[in-house]
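**Q** structure, please.
(chains A and B)
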Amino acid sequence: MSGEEMAPRRFFALLALLTIVGAALRLYWLSETQPTGDEYYTIAEAFDYMTRGHYGLEMWHHPKLRNILVFWAIKCFGTNTEGFRAASLAFGILTIPLTGLVARRLTRSDAAALLAALFMTFDAIHIELSRQAIQEVYMPFFLLLGIYLALRHQEKKNMVLLVLSGVIFGLGLASKWNVAVPLALTLMLLVYLCLKRAELSLFEKSAELLLYFAVFAVLPLTVYILTYYPWLLHRGYDLGEWLSSQKIMFNENLVHKGANPEMLLIQDHTPLLWFLRPVGFADFLMNGDEPVVVLGVSNPLVWLLTLPAVGYLAFRIRTLNWQGVFLLALFWCSYLPFVLSRRLTGANTSLTVTPFAFMAVASVLLMLLRDKPQRCRYVAIYVGVVILISLPLYLLAIGKGYGTLMQPILEMYRPLHER
Amino acid sequence: MKNIVLAIVIIIGCFASLLMLNHGAISARTQGKAFALARERFPAYTVKNTADVYSLWQEHQARGRIVVHLGRFLHFMEAPPSSEGPPRIATIAADHAHFLVRQISYKDFLWAAFQTDIVREIHTVLPPADFKERIGATPQQNEYVIYEFCSPRIFTVSLPSVAEPVLLNIDASFFASTDAAQLVNDLMKSGLKADIVTICLAEDNPDVTDLDRRKARDFIALLSRHATISEYQSSSRFSKDPR
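**A** Numbers count the residues shown, from 1 in each chain, chains lettered A, B, ... in the order given. Now for the predicted structure:
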């Protein structure tokens, strides 16, 4: 869409640099932190699930890949904070280059791809959740990797990439059901591109459609079901009973209000506001005798540009290529269900939407600046201010904000009975 | 052609893996020889203490089973944490201490069986008065289902219809408002199949009266026409020091 290109070596070097910076931000001061309340339950549930097949208290209504990954992370890396958070850290860090790689294909602009990756690198909510052993950062990782592999298959016609994409989307579904939206859209895109190819005969088109059905419907569903193997094999439930359990989980998902009523009062849980004002996701832990609040707050200079950016893309939809339309569809189809749902949804869930928001913002910014003579200076100033704002938000996100100038922001997230 | 072959391989592979998973899940259930209660002479055990029912199931290596429990009490009180404060992560990882069942009593033997994977579904048959008191049911309602993290607990006022063989436990408390002959009659008319049938005298449960236990013994006498009844002697650590 933006048409900004640079030498591949330079692009990948800058993307690697962003990934290294992102990794440093996600790993700094990690050893000294204690687990949050959520993480205690997550770890206990991981062992309950893997050794006895039990669902537990911590978000039992969500799929179970987190239990498997946290269990094996602890087995492989130990019970230290890096150990039980290993999967979140790895997925959180790898989401940065994936944002760049997917954005590069959807915006057709290297500069926009790097800008989107930079937004992800410094995003305080993503940083906060990458440092916790919960499943929120799994979603952007799996959905971006699934999309990337599907797009790569489209370029190279490599079957291995296609099958891998289906498996990855299955793992995404096993993290949270929200990944079904980008999965369905990717399937629809491939079907559309297949039907559009005039050189294929009807038989060849039918064969390709059958393959897409197998890869993007049957395979992800199977991978998803297989992640329930501890529940099935330990407890003796059969697949009929598994189906009933999914209905119960679905019903709980429709009305879930969290385990802690106090948290309900202080968290931002109105998706309509995600891109209208700064929003945050807070969690609490004790470090020795000191209370520590970890608070991810959205960067207003990025998040608040989202709706104007996707609005601008929608306005220009007739001029967009299929990649641009796909990006728009990914954003709106991921975001609108949260807005329209009557269920309370925390800002933590926004991670399924923000990769597309960041891509849209980056793309539109560079589109608008394309013909400006001093566009590099404008972009540099904008990036500088974004990073400047990100620094205090970063300190809040890693739990260093308590007792500092940022205290007033933390006080907004203090439970009412403590005020 | 390559696309069709790959699609078929994926579909067949997925279908086969799910079939194997389903087969493995059903194979995880362990049960002894099952008897149709209405048609066959079946073995049954009298059990003194409620916690001994758990020991008996454990000794028979029951796993992944459906329990039909007849009684006034639910026996599903969650055991308190085994140590003070939240478990340390290293402890969870090392020995899963947060869910080790250290002591079982009449208060929690069904909860413990559920936690230790002996049981996957519980049908509790309550006397109608207790059902109404506990569930707050309307006169028309005779079944209530709740889910313990997706695992069903079903409360009814009559013997349920269950396709697979069950673990049947009849607690003495059930006779507080039930006639022994009537229950034998109901059992013989039911389509239940079971491999382990227990009649529990609940001597460890202070809420069960001597009259209830006497009626339970009457029931055992009546049932002996249809069943070979033996007394269960527990050797389990769980029954030695009731809470």
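**Q** residue ranges with poor pLDDT in chain B?
**A** For chain B, the stretches with pLDDT under 70 are B:79-102, B:236-243.
**Q** can you pull out the strands in it?
**A** Assigned strands in chain B, in chain order: B:35-36, B:42-47, B:65-70, B:119-125, B:143-148, B:151-156, B:166-171, B:193-200, B:227-231 (criterion: DSSP state E).
**Q** show me which helix runs longest in chain B.
**A** Criterion DSSP state H: the longest helix present in chain B is helix B:2-27.
**Q** and that helix, how far out from the chain middle?
**A** Centroid separation for helix B:2-27 versus its chain: 34 Å, with C-alpha atoms, centre = their mean, to the nearest Å.
**Q** same question, stretch B:193-207
**A** Mean C-alpha position of stretch B:193-207 versus that of the full chain (C-alpha atoms, centre = their mean) differs by 10 Å.
**Q** next one: stretch A:349-363
**A** Counting by C-alpha atoms, centre = their mean, stretch A:349-363 comes out at 9 Å from the chain centroid.
**Q** buried residues in the longest helix of chain B?
**A** B:3-4, B:6-7, B:10-11, B:14, B:18, B:21-22, B:25 (16 or more other C-beta atoms under 10 Å in any protein chain shown). All C-beta spots, glycine's among them, are computed from the backbone N, C-alpha and C.
**Q** please convert the residues you listed to TSV, extending it with distance to chain A.
**A** Below are the buried residues of helix B:2-27 laid out as TSV (distance: C-beta to the nearest C-beta, whole Å):
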residue	distance to chain A
B:Asn3	4
B:Ile4	5
B:Leu6	6
B:Ala7	4
B:Ile10	4
B:Ile11	5
B:Cys14	4
B:Leu18	6
B:Leu21	6
B:Asn22	5
B:Ala25	4
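**Q** ok, back up a step: the strands of chain B: which one's closest to A:Gly403?
**A** strand B:143-148 (42.8 Å; C-beta to C-beta).
**Q** what's the angle from that closest one to strand B:119-125?
**A** Strand B:143-148 and strand B:119-125 are oriented at 150 degrees to each other (axes from the mean of the first three to the mean of the last three C-alpha atoms, to 10 degrees).
**Q** picking up where we left off before, deepest of the strands of chain B, which one?
**A** Of those, the one with the most neighbours on average (mean count of other C-beta atoms under 10 Å in any protein chain shown) is strand B:166-171, at a mean of 26.
**Q** partner strands of that strand, with direction?
**A** strand B:65-70 (parallel), strand B:193-200 (parallel) (DSSP bridges).
**Q** which stretches of the stretch 301-419 of chain A form helices?
**A** Assigned by DSSP state H, counting those that start in this stretch, the helices in the stretch 301-419 of chain A fall at A:306-315, A:322-340, A:354-369, A:375-397, A:407-411.
**Q** so which of these is the most surrounded?
**A** Highest mean neighbour count among the helices of the stretch 301-419 of chain A (mean count of other C-beta under 10 Å): helix A:354-369, with a mean of 26.
**Q** pLDDT of it, averaged?
**A** The average pLDDT for helix A:354-369 rounds to 97.
**Q** so how far is that helix from its chain's centroid?
**A** Offset of helix A:354-369 from its chain centre (C-alpha atoms, centre = their mean): 17 Å.
**Q** by mean pLDDT, which helix or strand of chain A comes out lowest?
**A** Here the helix or strand of chain A ranked lowest by mean pLDDT, DSSP states H and E is helix A:261-266, holding a mean of 68.
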